[in-house]
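Peer 1: sequence? don't have it. structure:
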């Protein structure tokens, strides 16, 4: 609208934005707002019941918004009348998505000749706005995607796979018991996701497709029953680690993969399979790239679990940069990383040969332990660092930092 002195009817204006309403909707309190404004207002409320901006009455988030078609027609007519004064016509808003419409769309997924077209339609709907996500989740779209993904992978079909993964990821709602029951012991879905993670796609879709598959797998692990967790296959872990190498640019994807491995690790059988798949080497390589803080915290958490068993420590020491990586990242990322790094050094030093102890000295792990004693760390962490230094002080006694540590210790007495 041009800047002209045009008198706009007061009831055309949204009480929140004070602009002409483009999609007027009436709330439970009887006040009409522009849809986007009142939806944003409700979304910002941290409680299930917000407050009406005008009446100050309670306004439940799920109370519904009723389109005010009469007011919209009046606004549109007024805009047309004042077009010569520079007023732009208000277009008719798109029909809002509702559960009944989604259910009608989902039914078409069962027809092979309509399946791909329907998937693309659902994909477009969820990408339009967040309002559609909740509606699609309520209609059970996520549950409809599960058998499709299994079907596509069994037939080794790529058409529709990207869309079905993305839709499942976006419409996943852990509060839906129907979805939880569907995936808690769904070995076929886990196998399907595993197959996707090992694909050599060679396209720009590789990262988003595998990142979505990893995120879905993480969500399954969070609600999975013990029977599923205990029967994860070696091949699944190999495929997970293969994907981890390929989706480095997706931080959410990497985090999901690490969380899957962390969820599986408490079971000894899984831990052995994770080690057999070569996880320790891959985790060290990942950390050498200096990822973001949360990725490092997850990586060190997983390494600490794996290094609690002999095979894990052996694999860790076989990597030429393992101890150096621990030394470099300690006191540089976060207290969580510091705690796990000192734990790993504790486990290594308990069973270390003289060659390993000399390596710890050479790459700066010993000096970093001395720095932990002087840093603003917890007393528990300092105690663990002090125990390592005492344990092998006879081997490291020529180190300047050990000399300072010993002098400090004697002075303290």
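Peer 2: Everything's here; your move. Just so we're clear, the structure is a prediction, and the values are computed from it rather than from any experiment.

Peer 1: break this structure into its domains for me.
Peer 2: Each domain of the chain is listed here as a residue range: 10-85, 96-180, 184-277, 301-413, per automatic domain parsing.

Peer 1: so what's residue 349 up against?
Peer 2: The neighbours of residue 349, taking CB atoms under 8 Å, 6 or more residues apart in numbering as the test, are 356, 357, 360, 388, 391, 392. Any C-beta I mention is one placed from the backbone N, CA and C, and that applies to glycine too.

Peer 1: give me the pLDDT value at the closest residue to the fourth one other than its chain neighbours.
Peer 2: What it means is residue 388. Sequence neighbours aside, residue 349 is the residue nearest to residue 388 in space, at 4.9 Å (criterion: CB to CB, 6 or more residues apart in numbering). At residue 349, the model reports a pLDDT of 94.

Peer 1: same question, residue 402
Peer 2: You'll see residue 402 listed with a pLDDT of 62.

Peer 1: same thing with the one 5 residues further on?
Peer 2: Listed pLDDT for residue 407 reads 46.

Peer 1: same thing with residue 137?
Peer 2: Reading off the per-residue confidence, residue 137 sits at a pLDDT of 87.

Peer 1: secondary structure element for the residue positioned nearest the centre of the chain?
Peer 2: Nearest to the geometric centre of the chain sits residue 252, at 4.8 Å (CA atoms, centre = their mean). Residue 252 belongs to helix 251-264 when elements are defined using DSSP states H and E.

Peer 1: what does that helix contact?
Peer 2: Counting by CB under 8 Å, 6+ apart, helix 251-264 makes contact with 207, 210-212, 214-215, 217-218, 221-222, 224, 229, 232, 237, 240, 243-244, 247-248, 270, 274, 279, 286, 291-292, 294-295, 298-299, 301-302, 305, all of which sit outside it.

Peer 1: just the buried ones among those residues, please.
Peer 2: Of all those considered here, the ones buried according to neighbour count by 16 or more other CB atoms under 10 Å are 207, 210-212, 214-215, 217-218, 221, 224, 229, 232, 237, 240, 243-244, 247, 270, 274, 279, 286, 291, 295, 298-299, 301-302, 305.

Peer 1: in strands, which of those appear?
Peer 2: Applying DSSP state E to the buried ones among the contacts of helix 251-264, no entry is found in strands.

Peer 1: run through the stretch 251-400 of the chain and note the low-pLDDT ranges.
Peer 2: Low-confidence regions of the stretch 251-400 of the chain, defined here as pLDDT under 70, cover residues 399-400.

Peer 1: all helices of it, in order?
Peer 2: With DSSP state H, counting those that start in this stretch, the ranges of helices along the stretch 251-400 of the chain come out as 251-264, 268-276, 279-288, 293-306, 310-318, 322-329, 335-350, 354-362, 365-374, 379-391, 393-396, 400-412.

Peer 1: out of those helices, flag the one nearest residue 39.
Peer 2: Minimum separation from residue 39 across the helices of the stretch 251-400 of the chain (CB to CB) falls at helix 251-264, 25.7 Å.

Peer 1: buried ones in that closest one?
Peer 2: 253, 254, 255, 256, 257, 258, 259, 260, 261, 262, 263, 264.

Peer 1: and for stretch 315-333?
Peer 2: Across stretch 315-333, burial judged by 16+ other CB under 10 Å covers 315-317, 319, 322-331, 333.

Peer 1: for this protein, identify the residue most remote from the centre.
Peer 2: In the chain, the residue that sits farthest from the middle, by CA atoms, centre = their mean, is residue 84; the gap is 51.5 Å.

Peer 1: my read is that one is in a helix, agree?
Peer 2: Yes - under the criterion used here (DSSP: H, G, I helix; E, B strand; the rest coil), residue 84 sits inside a helix.

Peer 1: distance of it relative to residue 321?
Peer 2: If you measure residue 84 against residue 321 using CB to CB, to the nearest Å, the figure is 74 Å.

Peer 1: kindly report the same for residue 197.
Peer 2: Distance, residue 197 to residue 321, by CB to CB: 26 Å.

Peer 1: residue 303 versus the closest residue to residue 330 other than its chain neighbours, what's the distance?
Peer 2: For residue 330, the nearest residue in space outside its immediate sequence neighbours is residue 341; the separation is 4.5 Å by CB to CB, 6+ apart. As judged by CB to CB, residue 341 and residue 303 stand 9 Å apart.
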